[in-house]
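**Q** pasting the structure only:
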């Protein structure tokens, strides 16, 4: 009898151990990072190639694991029941074996191996890849029959698992992963903003980031050559639009480097015609061009400067390669840029903001969620919501903020004070 107890005990232990291995393999193969496995496949890791194959056919993999796992668990329970009934009788034996086997299976065959596997998914999945592939091939007839039976039963209820509904795009998956890593503290805000901006390049149009024509320094080609040279050299920009007759008639882009070169070549005989001749031809692009398309166009044409025009052909502003890069990495200031604090913090949840600051920059820097569908700047959003140009001192409620017009030039709002409304603060505290 003693030898029989040892034999049954060792058999039960072996079955529980096998069950634990299957549980660990199932968890690891479903939890392992696809990106990491893909990188290992690119590096030539053969086990990673098997893992990739198993993940592509999850139905067969999970079917095989569950088949084997349940088989050994049932076998272990059956043997334990036989042993317990012999030792304690029918009634007491069934109660004892139920309690003991439940604890053993849950703790040692489910929770413990799965906890370890989910923390070491890559390592565990690579270890079990080959054995599991062998078992999948071995039990393929059985698992295929089970899958066919399941599919048939689901069809009776009007469910077809062959029809996959993609409710979320790959871009949204990546965006969600980035946001999750940021919230977990694994990614700093600057990196999150940069990666998010790259994903947004297809959705943002050049009109959203262009420098409006009111803020663009231009030169009149009809000015005397000396005046043109003096004004061009005194500007802080290396490329200057040149117009003739009227400001809408852009005839070229003057590069200061080329201007200095021709001055040295012609000494004092510089003419307006000579200056116009060294200008590059203006490149006009539609305002609806996406940033991604324009970035690729800048690269292919090897140009850094373009004029943005509306549907009527009137130029609205300019966009440069630097503007697109800054949309990704943030502002890039050099030694010639005039540093201006466009967003000033006045107190807790209160800011003084330039009217020309874009809504995207506000949302990115301050973590707000202001809509940018109908306007690109905070001044534009305020005018759109109020449906008029507010006067200095007017206060308007705007998406949970009290917006006060602080500065105004003619019909342009130059400064806005924004303060969170009390109910917005309370709602934020509740969400946290």
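**A** Good, I have the coordinates. Bear in mind the structure is a predicted one, so any value in this text is a computation, not a measurement. Numbering: from 1, shown residues only.
**Q** Just checking: what are the partner strands of whichever strand or helix holds residue 353?
**A** Using DSSP states H and E, residue 353 sits in strand 350-354. Its sheet considered, strand 350-354 pairs with strand 343-347 (antiparallel), strand 412-420 (antiparallel) by DSSP bridges.
**Q** Out of those, which one sits most buried?
**A** Ranked by mean neighbour count, the strands paired with strand 350-354 are led by strand 412-420 with a mean of 20 (mean count of other Cβ atoms under 10 Å). C-betas here are computed from N, CA, C, even on glycine.
**Q** avg pLDDT for that one?
**A** When pLDDT is averaged over strand 412-420, the result is 89.
**Q** Stretch 160-179 now?
**A** Per-residue scores along stretch 160-179 average to 68.
**Q** can you map out the helices along the stretch 301-432 of the chain?
**A** Secondary structure of the stretch 301-432 of the chain (DSSP state H, counting those that start in this stretch): helices located at 321-329, 359-366, 378-386, 422-431.
**Q** Export those helices to CSV and append columns for distance to residue 58 and mean neighbour count.
**A** Listed next are those as CSV, based on distance: least, Cβ to Cβ, whole Å; neighbours: other Cβ atoms under 10 Å:
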stretch, distance to residue 58, mean neighbour count
helix 321-329, 36, 17
helix 359-366, 38, 18
helix 378-386, 46, 20
helix 422-431, 35, 11
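**Q** For the ones you listed, could you give me CSV that also reports distance to residue 250?
**A** Formatted as CSV, the helices of the stretch 301-432 of the chain follow (distance: least, Cβ to Cβ, whole Å):
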stretch, distance to residue 250
helix 321-329, 18
helix 359-366, 27
helix 378-386, 24
helix 422-431, 45
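**Q** Nearest to residue 38, out of these?
**A** Closest approach to residue 38 among those (Cβ to Cβ): helix 321-329, 24.5 Å.
**Q** Need the residue closest to the centroid of the chain.
**A** Centrality entry for the chain: nearest residue to the mean C-alpha point is residue 175, 2.6 Å, by Cα atoms, centre = their mean.
**Q** Near residue 174, how many residues? Count them for me, please.
**A** 15 (other Cβ atoms under 10 Å).
**Q** Need the three-state assignment for residue 251.
**A** Here residue 251 is strand, with the state taken from DSSP: H, G, I helix; E, B strand; the rest coil.
**Q** For it, which non-adjacent residue is spatially closest?
**A** Leaving aside its sequence neighbours, residue 251 sits nearest to residue 244 (Cβ to Cβ, 6 or more residues apart in numbering; 5.0 Å).
**Q** The one you found contacts residue 222, correct?
**A** Yes: counting by Cβ atoms under 8 Å, residue 222 is a contact partner of residue 244 at 6.1 Å.
**Q** neighbour-wise, which of these two wins?
**A** Per other Cβ under 10 Å, whichever of residue 244 and residue 222 has more neighbours is residue 244, with 15 against 11.
**Q** Run through the chain and note the low-pLDDT ranges.
**A** For the chain, the stretches with pLDDT under 70 are 1, 90-91, 161-169, 186, 267-268, 333-340, 423-432.
**Q** For residue 112, give me phi and psi.
**A** Torsion angles at residue 112 (phi, psi; degrees, to the nearest 10) stand at phi -60, psi -50.
**Q** Might one say that it is in contact with residue 17?
**A** No: at 11.2 Å, residue 112 does not count as touching residue 17 under the criterion of Cβ under 8 Å.
**Q** Would you mind measuring from residue 128 to residue 276?
**A** 73 Å (Cβ to Cβ, to the nearest Å).
**Q** ok, the spatially closest residue to residue 360 that is not a sequence neighbour - contacts?
**A** Residue nearest to residue 360 in three dimensions, not counting chain neighbours: residue 372, with 6.0 Å by Cβ to Cβ, 6+ apart. Residues counted as contacts of residue 372 (Cβ atoms under 8 Å, 6 or more residues apart in numbering) are 208, 358, 359, 360, 363, 381.
**Q** So which of those is the closest to residue 200?
**A** For the contacts of residue 372, the nearest to residue 200 is residue 360 (8.3 Å; Cβ to Cβ).
**Q** Does the closest one touch residue 203 like I think?
**A** No: counting by Cβ under 8 Å, residue 360 does not reach residue 203; the two are 10.6 Å apart.
**Q** per-domain residue ranges of the protein.
**A** Here the domain parsing of the chain from automatic domain parsing is 2-156, 170-200, 206-329, 343-431.
**Q** Next one: the closest residue in space to residue 346 that isn't next to it in sequence relative to residue 389, how far apart?
**A** Excluding the flanking residues, the one nearest residue 346 by Cβ to Cβ, 6+ apart is residue 352, at 5.6 Å. The spacing between residue 352 and residue 389, counted by Cβ to Cβ, is 19 Å.
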